[in-house]
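**Student:** Predicted coordinates and the sequence they were generated for:
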Amino acid sequence: MIRSLNARLVARYAAVPALMLLLGGCSSTSLPSFSSNEPPPQADQPVAEMPATIRADEIVGRWGLASFQNPADRKRTEDAARGQCKQPYVIGAGQNGGVIMHLADQATPQELRLKGSPSGKNYIGPPGPTPGEQDREIISFDGRVMITRFVDKDAGVRYGNMVYVRCAPRA
């Protein structure tokens, strides 16, 4: 009985590597493909920075800030952001034509760029490919209200849709 139990265990453990080799071959691209209908794989080319359709000077200023997860809460969140103008979030002008804002989870603001994309979307983020992991997409902007969402999924879940409502100038 012990011998048959050992034989079963050996057979099971031998089947696992064989199965892994078979499954590994299914997703491997190291072997040449002789099929004429498959195009060769192309390396992803980073998208060069394009100018955004929103200028940096359009978003510089004092903003009330709030966020929402559920789109049904947008109107209520805009009202809450308007109420934050007593302690506004200030978006400053950068020395190199960008804007001074915080990245996700960063205590110190830094100069970020407004970047466009071939799809017509606008982003705010550090120099680099668009969209980058640290970028935030500008979902909507009408001059008075701007809604953004971080590209990074984790930051997007934690911060939600950020609603910026322009504060009235001081009298």
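**Tutor:** Great, that's in hand.

**Student:** residues contacting the residue positioned nearest the centre of the chain?
**Tutor:** Computing the C-alpha centroid of the chain and ranking residues by Cα atoms, centre = their mean puts Val151 first, at 0.9 Å. By Cβ atoms under 8 Å, 6 or more residues apart in numbering, the contact list for Val151 reads 123, 125, 131-137. Any C-beta I mention is one placed from the backbone N, CA and C, and that applies to glycine too.

**Student:** Keep only those of these that are in strands.
**Tutor:** 123, 125, 136-137 (DSSP state E).

**Student:** Quick one: the strands in this protein, in order.
**Tutor:** Under DSSP E, the chain gives strands at 50-51, 61-68, 89-93, 99-101, 110-116, 122-125, 136-141, 145-150, 161-166.

**Student:** got JSON lines for those strands, with mean pLDDT and mean neighbour count too?
**Tutor:** Conversion of the strands of the chain to JSON lines gives the following (pLDDT from 0 to 100; neighbours: other Cβ atoms under 10 Å):
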{"stretch": "strand 50-51", "mean pLDDT": "92", "mean neighbour count": "12"}
{"stretch": "strand 61-68", "mean pLDDT": "98", "mean neighbour count": "19"}
{"stretch": "strand 89-93", "mean pLDDT": "98", "mean neighbour count": "16"}
{"stretch": "strand 99-101", "mean pLDDT": "98", "mean neighbour count": "19"}
{"stretch": "strand 110-116", "mean pLDDT": "97", "mean neighbour count": "20"}
{"stretch": "strand 122-125", "mean pLDDT": "97", "mean neighbour count": "24"}
{"stretch": "strand 136-141", "mean pLDDT": "98", "mean neighbour count": "17"}
{"stretch": "strand 145-150", "mean pLDDT": "98", "mean neighbour count": "21"}
{"stretch": "strand 161-166", "mean pLDDT": "98", "mean neighbour count": "23"}
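
**Student:** Brilliant, that's me finished.
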